[in-house]
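next one to model:
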Amino acid sequence: MEMLCDGCSMVRREMVSQSTGPHHKAVVAFPVLASPSLSGSGTLGDTYWAAAGMTIDAFQMISLHAVAVVMFGQSVKLGIYAVALVDIPNAKSPVKFVHVELGIGVAVDFDYGTMRVEGQLSPKSFILDPNCHLTGGFALFYWFDATHADKSLVSNFVFTLGGYHQAFRIPDSISWSLGSHLSLSGEAYFAITPKVCMGGGRLHTAFSAGPIEAWFDAFANFLINYKPFHFASSAGICVGVRFNSDVLFIHTHISVEVGADLFMWGPPLAGRVHVDIKVAKFDINFGADKGDEKEANIEEFYHLVLQASSQQSNSRAAEEDRALIAEGEEDILPGDLNQGHTFLATSGLLNNSSSIDRVQNADWVVRGGSFSFVVGCKMAVQDAQLVDENGKVVN
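Next up is the predicted model:
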């Protein structure tokens, strides 16, 4: 382990410029990163920090330079920044089949409940040939409970490798120029969250030699929603050739392209095949029509919001017998113990019985001068009204 000499200067040069986390600017301000000659700990007002760096070499192919920084005092934050190098067969070989430079950044904020792990390939990375460049990266974000955490995000996470669904911008993962006539580019991605999963890829090959051009494209994407379960996928292939010629005043242009796309969704399983042969285009549908999908009504959507089971959603009559509906809200959707609302008395609440337990939606005995309460709703609220004992709206 090397303490904050080569490691910290390396991180200052190579990692801080790549980091997109919220703490990388603060790390730049640390004296130890600004001057490698300083010690590995220090103070700044009521804030303290400590740092350690290290270099690891393994198998003559892998090299890792990293520094870890901990800030504590008024708040606690952890940052780990590293650069990993992989060379095959080895770093000293004059001919390399693989050269990968990966920047890694980890930032954890224990006050706001956030953890992010990000990695990004350097443009210098290549595989097989120096002209076959690799780009892309990965990211893992996780939100946990903490003092100042956003409670609506607690326990959520997202992991992505290479990018997102085609509805979002997907960065190229490979770009290869094989001489002046042939080029190849492609991408692949995968991402998962607590609610959806997505993945796919694309490959494009182009050839050009004088008046002749040819190309080949292929792609595939899928998107899966867990609850309610629903999936959508697409795949396609396209092959084309183009010829252009100019002889004196005569221009000749010939282009031929054939393509086919497959779109599938469900449940129930259905889809469409689209065929394009340049002179004609047609579709072949199978399964249920996509337009015939039943839209969820407000009650079904209510149960989805509450993450209720489908059996609960289909047994409304049974639920009505045990549902406790708030007084004056005759049109409220039923649910077990009024799961859609939370009522919290913040001050002025009195106990009207010897039992400390309270029944859901029971009447409150309060002090009129100091009583205050908060109402939370898991559904969107359009308006709210205050009613008296007779059900009349109080202005």
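
first to last residue in stretch 373-381, what's the distance?
Using C-alpha to C-alpha, to the nearest Å, one end of stretch 373-381 lies 17 Å from the other.

show me what counts as buried in that stretch.
Across stretch 373-381, burial judged by 16 or more other C-beta atoms under 10 Å covers no residue at all. (Each C-beta comes from the backbone N, C-alpha and C, glycine too.)

and what of stretch 274-294?
Here stretch 274-294 shows His274 as buried, counting by 16+ other C-beta under 10 Å.

what's next to that stretch, contact-wise?
238, 255-263, 265-266, 268-273 (C-beta atoms under 8 Å, 6 or more residues apart in numbering).

quick one: end-to-end distance for stretch 68-86.
21 Å.

nope, stretch 199-217 is what I was after
End-to-end for stretch 199-217, by C-alpha to C-alpha: 18 Å.

domain assignment for this structure?
Annotated domains of the chain cover 1-155, 169-292, 298-377 [automatic domain parsing].

quick check: bridge partners of Leu140?
As for beta bridges, Leu140 partners with Val117, Phe159 under DSSP bridges.

how deep is it tucked in, by neighbour count?
For Leu140, the count of nearby residues is 16 (other C-beta atoms under 10 Å).

tell me the contacts of it?
Met115, Arg116, Val117, Glu118, Phe157, Val158, Phe159.

weed out the non-buried ones from these.
Met115, Arg116, Val117, Glu118, Val158.

so where do the helices sit in the stretch 251-395 of the chain?
Listed in chain order, the helices of the stretch 251-395 of the chain (DSSP state H, counting those that start in this stretch) span 298-305, 310-313, 316-322.

relative to Leu223, how far out is Met61?
According to C-beta to C-beta, to the nearest Å, Met61 and Leu223 sit 37 Å apart.

those two: which is more packed in?
Each of Met61 and Leu223 has its neighbours counted (other C-beta under 10 Å); Leu223 has more, 20 against 16.

who's the more buried one bridged to?
Met198, Ala232.

okay but it is in contact with Ala191, surely?
No. Taking contacts as C-beta atoms under 8 Å, Leu223 lies outside contact range of Ala191: 9.8 Å.

so where's the stretch 251-395 of the chain uncertain?
Residues of the stretch 251-395 of the chain meeting the criterion pLDDT under 70: 289-297, 300-301, 304-339, 351-362, 395.

hey, where'd the strands end up in the stretch 51-200 of the chain?
For the stretch 51-200 of the chain, the strands defined by DSSP state E, counting those that start in this stretch cover 62-72, 77-88, 98-109, 114-121, 126-127, 129-134, 137-143, 157-161, 174-178, 182-192, 196-209.

weakest of these in terms of mean pLDDT?
Considering the strands of the stretch 51-200 of the chain one by one, the lowest average pLDDT is found for strand 174-178, at a mean of 61.

what distance do you get for the closest residue to Gly340 other than its chain neighbours to Tyr81?
Leaving aside its sequence neighbours, Gly340 sits nearest to Lys378 (C-beta to C-beta, 6 or more residues apart in numbering; 5.2 Å). Distance of Lys378 to Tyr81, given as C-beta to C-beta: 40 Å.

then Asp217?
Counting by C-beta to C-beta - Asp217 and Tyr81 are separated by 38 Å.

wait, the residue nearest to Gly340 touches Ser152, no?
No. Using C-beta under 8 Å, Lys378 makes no contact with Ser152, being 10.6 Å away.

who is Asp246 paired with across the strands?
Bridge pairing for Asp246 - DSSP bridges - gives His251.

Thr252 - how many residues pack around it?
Neighbourhood size, Thr252 [other C-beta under 10 Å]: 10.

list the contacts of it.
By C-beta under 8 Å, 6+ apart, the neighbours of Thr252 are Phe243, Asn244, Ser245, Asp246.

pLDDT for those residues - can I get that in CSV?
Shown next, in CSV, are the contacts of Thr252 (pLDDT from 0 to 100):
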residue, pLDDT
Phe243, 84
Asn244, 83
Ser245, 81
Asp246, 79
